[in-house]
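*Asks:* give me coordinates for this.
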Amino acid sequence: QVQLVESGGGLVQAGGSLRLSCAASGSIFSIHTMGWYRQALEERELVAIISSGGTTTYADSVKGRVAISRDNAKNTVYLQMNSLKPEDTAVYYCNAIVATSAGTPYRTYSYWGQGTQVTVSS
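*Replies:* Down below sits the predicted model:
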């Protein structure tokens, strides 16, 4: 089993900053893509993802305000959020695509964290 533990959420005023962290632990052989998603109402949407090699993808709504990074040695992904807006308010979820062994066939699994609340007040 693999566990993802998020931290860093909270309440911040508009224009402020937060840094989210997500550490993966457990039966990990390798981690491929790691990312952050958020859910305000019913639909969970992509915020940012980063490949094992460092290639990043951002949602248009956060480009220029958010930076995703990862520390492969610590199996940890970060999300630095600046210039936060009230519409960024949501529960933020960490996701990781993980191979739990090097066996054949090589399989990867998608794991999710429990979510961390980010609230931006106007």
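*Asks:* mind listing what the residue lying farthest from the centre of the chain touches?
*Replies:* Distance from the C-alpha centroid of the chain peaks at residue 104, with 28.6 Å (Cα atoms, centre = their mean). Going by Cβ atoms under 8 Å, 6 or more residues apart in numbering, residue 104 touches no other residue. From N, CA and C alone the C-beta is placed, and that goes for glycine too.
*Asks:* what's the helix or strand for it?
*Replies:* Counting by DSSP states H and E, no helix or strand carries residue 104.
*Asks:* which residue ranges form the strands in this protein?
*Replies:* 2-7, 10-13, 18-26, 30-39, 44-50, 56-58, 66-71, 76-81, 90-99, 109-112, 116-121 (DSSP state E).
*Asks:* now those as TSV including mean pLDDT and mean neighbour count?
*Replies:* Formatted as TSV, the strands of the chain follow (pLDDT from 0 to 100; neighbours: other Cβ atoms under 10 Å):
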stretch	mean pLDDT	mean neighbour count
strand 2-7	96	16
strand 10-13	98	13
strand 18-26	98	18
strand 30-39	97	20
strand 44-50	97	18
strand 56-58	98	15
strand 66-71	98	18
strand 76-81	98	22
strand 90-99	97	21
strand 109-112	97	14
strand 116-121	98	17
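*Asks:* can you check the pLDDT for the residue farthest from the centre of the chain?
*Replies:* With respect to pLDDT, residue 104 scores 77.
*Asks:* could you measure from it over to residue 42?
*Replies:* As defined by Cβ to Cβ, to the nearest Å, residue 104 lies at a distance of 39 Å from residue 42.
*Asks:* and stretch 39-58, end to end?
*Replies:* Start and end residues of stretch 39-58 are separated by 16 Å (Cα to Cα, to the nearest Å).
*Asks:* what of stretch 77-87?
*Replies:* Using Cα to Cα, one end of stretch 77-87 lies 23 Å from the other.
*Asks:* residues making contact with that stretch?
*Replies:* For stretch 77-87, with Cβ under 8 Å, 6+ apart as the criterion, the contacting residues are 8, 12, 14-22, 34-36, 47-48, 50, 61-62, 65-71, 88, 92, 94, 96, 118, 120-122.
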